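> Kindly generate the corresponding structure for this input.
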Amino acid sequence: MIEKELTIAAEFPPVSYEQWRASVEGELKGVPFEKKLVTQTLEGIDIQPVYTSKDWPSDGDPSGFPGLLPFARGSQLLGHATGWDTRQEHLHPEPAEANKAILEDLEHGITSIELRLDAAARAGLDADAGEAAELSARDGVMAYHSGDLDKILNGVHLDIAPIAVNAGATFMPAAALLVALLRQRKVDPATARCAFNADPLGALVSDGQLPIPINLALEEMADLAAWTVKNYPQCSSIKVDTGAYHHAGATSTQDLAFAIATAVEYLRALTQAGIDVDSAASQIVFETSVGTQFFRAIAKLRALRKMWAKVLTTIGCSETAGRSTWIQVRASRRVLTRRDPWVNLLRNTVCCFAGAVGGADSITSTPLDAAIGPSDEFSRHLARNTVTILREESHLNREIDPAGGSWFLERLTDQLAERAWALFQSIEGRGGMARSVTDGWVAEQIRDVEATREKGLATRKQVVTGVSEHPDLREEKLVRTQADRTKLRLQASSRLATWRRDQACGAAVENLARVSANNSRKPGAWTEAAVQAAETGATVGQLSTALYPKGSTATHVEPLAIHPYAAAYEELRDASDRYAEKTGKRPLVFLANMGKPTDFIARSTYSLNFFQAGGFQAITNNGFADAAPAAAAFAESKAKIAVICSSDKKYQTVVEETAKQLGAAGARTVILAGNPGANEAKYRAAGVNRFIFVRCDVLGTLQELLREEGVL
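Coordinates of the predicted model:
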């Protein structure tokens, strides 16, 4: 008789952790358990292969409940049952093209828009300024006055679709232009939901400078916050964006510590300006970049809420302030590649998944071609659909904190929070985040850990699929047409000349300059003067000149460089492409496969991946019985590099003779695939110049060989 219920669990007796551990150690045959099965993160956290209730005792519900302190499980009681905010960043320089893309996004599921202003506007310059020659139309939209913004947002219902602006150090002029447009369109201030994204420390480490001293920039930010609280209560004025630290190589704990330390620095500035703690907390949103280690990304988001709740509780904020915490998530620029960009679809999906499971309030889905150039409609379409599928088909919004109760994720959340809190306390002990940024301490901390990461990438301990691992030299290169920046600058300059001719903003700009110079101004007066100037037609350049007159003491630091994982390997591939265009062929390497396929296939495949990662064309074969035919085939290949591939057993009889004959056949470099161990001296004496094996310096070897080939 067949049972109606399948109960296979009863047929397997429970196994304790101790029994499992003993069984595993027996299978390891003396290899240390910690060395083989325990991995360690860059911050020194051990990731175990198995977690049990002993790793995270759940008695007393230490993570609380969703919507309640300490908010590790989410800031909302019902999570994001109706879905999260789906945001898209737009940075096409031409206003009409940007508008077209924005409307396309809003019509197909995007719920909020972020505008990144071009490098000229972020530097406080109009397109026709002499200093803007290399900055205009670069890395953002060309919006220099409220008329440009009106064109970019033509057809967008500003009372429905929240707009966020990213203007770097010139956050005040950008906010003024956006408010001027809101007033022009008569959007109700009580319901408008925009984000002005003032982040002076983030701008400083990204761009390397602020136009005024850091303390004055914090005062300007606080003035914007005070004005926003009073005039646009549903809007936020400040964003703590740790992207610059993350993309430079910060670990998850550093990312968290820098976020909290920055937010505390901003809180101090706001409360010193007379803003109450609840209102001050409501003005701050967080943006964090996450990579493809999705368990770590999920834990990072949970730890961020937990740490921020601890800060707010300490300074006397209400529990409502904790619930208002807003976290935006986007895919890390570190993980995106130019080569084999289709894999970016998977990377972005993992990042969006982590954001949804980790309880992000807003998710920016990154197009697959974001690392190449201006994204086309197809790439944006796929990015939109990624989040839609996670919500509508995978139903991730239907689960409230699915990570809750996971022994692994709860433990990892606590470990990240504990280590990040200790680092945050160190920053506070040094005098705060502003000082730690300006004296170079933060950059030094990141530099140390990035060096370790770069070593892991160079040895392929950490691989980049499609670039350092499984590359395809035959892939069709994805090209995105770059805008004609010179043409766009001329067009913008013409628009600016017409705009200035038709506006009468002189008196308002002069008033803004007077208010800027008045150290006893009331909170919000600075921002109101900027808004009034923008309403009368003042441009970004005019607003910036009034806010930051020439002679102001600027703040300078060494900007943090972005370190994409694939960058070094992609540079080699670029060099190979240039060499192929010049000579009609790629640098060659010959694989001397010795014996039967069962002898050489493993190391031949390893070598193929190894050299294609550097742009080499590998000439392979079905194997050779002995050295003579291998040397003859090598001579015919016209290559100068030969790689002997076979098994350790086969090497005992074939390496020395094969190396000698390959050298006689014209090999400049003879390489053995495999760690030679005690045989290294013998093999070198026979003519082997190099050895490649798992965890060797892949990047350094490829660079040296390409130099010998004349490619680099």
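> Mind picking out the helix or strand in the protein with the poorest mean pLDDT?
Least confident helix or strand of the chain, by mean pLDDT, DSSP states H and E, is helix 319-323 with a mean of 87.
> Which residues outside the very next helix or strand once past that helix are in contact with it?
Sequence-wise, the next helix or strand downstream of helix 319-323 (DSSP states H and E) is strand 326-331. Residues external to strand 326-331 that are found in contact with it (C-beta atoms under 8 Å, 6 or more residues apart in numbering): 87, 89, 236, 239, 243, 285-291, 301, 304-305, 347-348, 351-352, 354-355, 358-366. C-beta coordinates here come from the backbone N, C-alpha and C atoms, glycine included.
> Quickly run through the sheet partners of strand 326-331, with directions.
strand 284-290 (parallel), strand 362-364 (parallel) (DSSP bridges).
> Distance from that strand to the middle of the chain?
11 Å (C-alpha atoms, centre = their mean, to the nearest Å).
> C-alpha coordinates for that strand, PDB please?
Output in PDB follows, covering the C-alpha atoms of strand 326-331 (Å, rounded to 0.1, in the frame of the first residue of the first chain):
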ATOM      1  CA  TRP A 326      15.300  55.200   3.700                       C
ATOM      2  CA  ILE A 327      17.900  52.900   2.000                       C
ATOM      3  CA  GLN A 328      18.600  53.000  -1.700                       C
ATOM      4  CA  VAL A 329      20.500  50.100  -3.300                       C
ATOM      5  CA  ARG A 330      22.300  49.900  -6.600                       C
ATOM      6  CA  ALA A 331      24.700  47.400  -8.300                       C
END
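> Any buried residues in it, and which?
326, 327, 328, 329, 330, 331 (16 or more other C-beta atoms under 10 Å).
> Let me know the closest of these to residue 709.
Comparing the buried residues of strand 326-331 against residue 709 with C-beta to C-beta places residue 331 closest, at 35.3 Å.
> Residue 247 versus residue 562, what's the distance?
Noted for residue 562: a distance of 4 Å to residue 247, by C-beta to C-beta, to the nearest Å.
> Give me the more crowded residue out of those two.
Using other C-beta atoms under 10 Å as the criterion, residue 562 and residue 247 rank with residue 247 on top: 19 against 15.
> Touching, that one and residue 336? I think so.
No - using C-beta atoms under 8 Å, residue 247 makes no contact with residue 336, being 10.3 Å away.
> Find residues that contact each of the two.
residue 564.
> rewinding a little: among the strands paired with strand 326-331, which comes closest to residue 443?
Closest to residue 443 of the strands paired with strand 326-331, according to C-beta to C-beta: strand 284-290, at 17.6 Å.
> Determine the next helix or strand in the C-terminal direction from that closest one.
Next element after strand 284-290 (DSSP H and E): helix 294-314.
> list the contacts for residue 270?
With C-beta under 8 Å, 6+ apart, residue 270 has these contacts: 222, 225, 226, 238, 280, 283.
> Now with 6 Å, please.
Residues near residue 270 by C-beta atoms under 6 Å, 6 or more residues apart in numbering: 222, 225, 280.
> Kindly indicate whether the second one is helix, strand or coil.
In this case it means residue 225. helix (DSSP: H, G, I helix; E, B strand; the rest coil).
> Distance check, it against residue 277.
12 Å.
> ditto for residue 649
Taken as C-beta to C-beta, the span from residue 649 to residue 277 is 72 Å.
> same thing with residue 217?
In terms of C-beta to C-beta, residue 217 sits 22 Å off from residue 277.
> Which one's more surrounded, those two?
residue 217 (24 against 16).
> Tell me which two in the buried residues of strand 326-331 are the farthest apart.
Among the buried residues of strand 326-331, 326 and 331 lie farthest apart (C-beta to C-beta), at 18.6 Å.
> Check residue 12 and give its pLDDT.
The per-residue pLDDT reported for residue 12 equals 80.
> no wait, residue 1
54.
> quick one: residue 165 and residue 176 touch, right?
No - counting by C-beta atoms under 6 Å, residue 165 stays clear of residue 176, with 10.4 Å between them.
> Comparing the two, which residue is more hemmed in?
Neighbours per residue, other C-beta under 10 Å: of residue 165 and residue 176, the larger number sits with residue 176, 28 against 25.
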